[in-house]
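Participant: sequence first, predicted coordinates after that:
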Amino acid sequence: MPATYHIRIKEEYAAAVIEELQKKNAVEIVPEEEAFELPEWQKEEVRNRIAKYKGNPELLIDEDTFFSMLNED
């Protein structure tokens, strides 16, 4: 299963290894601006949640309540 990783190349020889992997079509170099692009479904989900809470502010909880709910288990 393919995975996405963000790496920082610290040594010249490592860059050569990555170039070889790219030639073998084992890795794809993705420009940084594309690497952090949010999928449209995620943007839509955030829009839906914003609309939900604007229409129902009583559903909102504060930060302390949220963290205490996380620690209940």
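Facilitator: That came through fine. Numbering: from 1, shown residues only.

Participant: hey, let's count contacts and neighbours off CA atoms from now on
Facilitator: Fine.

Participant: for the chain, just list every one of the helices.
Facilitator: Remark: helices assigned in the chain by DSSP state H are 12-23, 32-35, 40-55, 63-70.

Participant: which helix or strand in this protein has the lowest average pLDDT?
Facilitator: Sorting the helices and strands of the chain by mean pLDDT, DSSP states H and E puts helix 32-35 at the bottom, at a mean of 71.

Participant: for Asp62, give me phi and psi.
Facilitator: Asp62 has phi and psi values of phi -80, psi 170 when expressed as degrees, to the nearest 10.

Participant: so what pLDDT did it get?
Facilitator: pLDDT for Asp62: 92.

Participant: neighbours of it, how many?
Facilitator: Using other Cα atoms under 10 Å, Asp62 has 7 neighbouring residues.

Participant: what residues does Glu72 make contact with?
Facilitator: By Cα atoms under 8 Å, 6 or more residues apart in numbering, no residues touch Glu72.

Participant: what about it, distance to Phe66?
Facilitator: For Glu72, the distance to Phe66 equals 10 Å [Cα to Cα, to the nearest Å].

Participant: with Gln22 instead?
Facilitator: Where Phe66 is concerned, Gln22 sits at a distance of 44 Å (Cα to Cα).

Participant: how about Glu33?
Facilitator: Glu33 sits 32 Å away from Phe66, going by Cα to Cα.

Participant: between the two, who's got more neighbours?
Facilitator: Per other Cα under 10 Å, whichever of Glu33 and Phe66 has more neighbours is Phe66, with 11 against 7.

Participant: could you measure from that one over to Lys52?
Facilitator: Phe66 is 18 Å from Lys52, by Cα to Cα.

Participant: pLDDT weak spots in this structure?
Facilitator: Within the chain, the stretches with pLDDT under 70 are 1, 35, 73.

Participant: quick revisit: can you list the helices of the chain in JSON lines and add distance to His6?
Facilitator: Shown next, in JSON lines, are the helices of the chain (distance: least, Cα to Cα, whole Å):
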{"stretch": "helix 12-23", "distance to His6": "13"}
{"stretch": "helix 32-35", "distance to His6": "8"}
{"stretch": "helix 40-55", "distance to His6": "20"}
{"stretch": "helix 63-70", "distance to His6": "29"}
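
Participant: good, we can wrap up now.
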